[in-house]
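*Asks:* starting from these lines, generate the structure:
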Amino acid sequence: MEVLVAYDVATDDAAGRRRLHRVAKVCEAFGQRVQKSVFECVISDTELARLEARLGRLIDPSRDSLRVYRLREPRSSFTRILGVDVAHDIRDPLVL
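*Replies:* Predicted coordinates:
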């Protein structure tokens, strides 16, 4: 399944900046950054549960916000991009 993860972490103190960095690192492990605090992920139900559990342990629910949206597939038929599209198709093979 394809999901979109968006977060807003309060960074007005050092602890918030650490949370922001940790949340980004977890999201990078599951998907591709498409904007500063937005990731597109192609994951299974099990991986989604692991992602949500890991992020749930990192955020401060009284100060931070985390949203996970399941994308309608095929995403290319339902997504409009205006401006620069720096992302690549996360379903394409990655050649190193």
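*Asks:* which elements pack onto the lengthiest helix in the chain?
*Replies:* Assignment by DSSP state H gives helix 14-30 as the longest helix of the chain. Under the contact definition 3 or more Cβ pairs under 8 Å, 6 or more residues apart in numbering; DSSP states H and E, helix 14-30 sits against strand 2-8, strand 38-42, helix 45-58. All C-beta atoms are positioned from the backbone trio N, CA, C, and that covers glycine.
*Asks:* strands paired with the shortest one, and their directions?
*Replies:* Okay, so that is strand 38-42. Using DSSP bridges, strand 38-42 pairs in its sheet with strand 2-8 (antiparallel), strand 32-35 (antiparallel).
*Asks:* for it, which positions count as buried?
*Replies:* By 16 or more other Cβ atoms under 10 Å, the buried positions in strand 38-42 come out as 38-42.
*Asks:* check the first one too.
*Replies:* For strand 2-8, burial by neighbour count (16+ other Cβ under 10 Å) applies to 2-5, 7.
*Asks:* now that strand - C-alpha only, PDB.
*Replies:* As requested, the backbone C-alpha atoms of strand 2-8 are provided in PDB (Å, rounded to 0.1, in the frame of the first residue of the first chain):
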ATOM      1  CA  GLU A   2       1.100   3.600  -0.500                       C
ATOM      2  CA  VAL A   3       0.900   6.000   2.400                       C
ATOM      3  CA  LEU A   4       1.700   9.700   3.000                       C
ATOM      4  CA  VAL A   5       3.300  10.600   6.300                       C
ATOM      5  CA  ALA A   6       3.200  14.200   7.400                       C
ATOM      6  CA  TYR A   7       4.500  15.600  10.700                       C
ATOM      7  CA  ASP A   8       4.800  18.800  12.600                       C
END
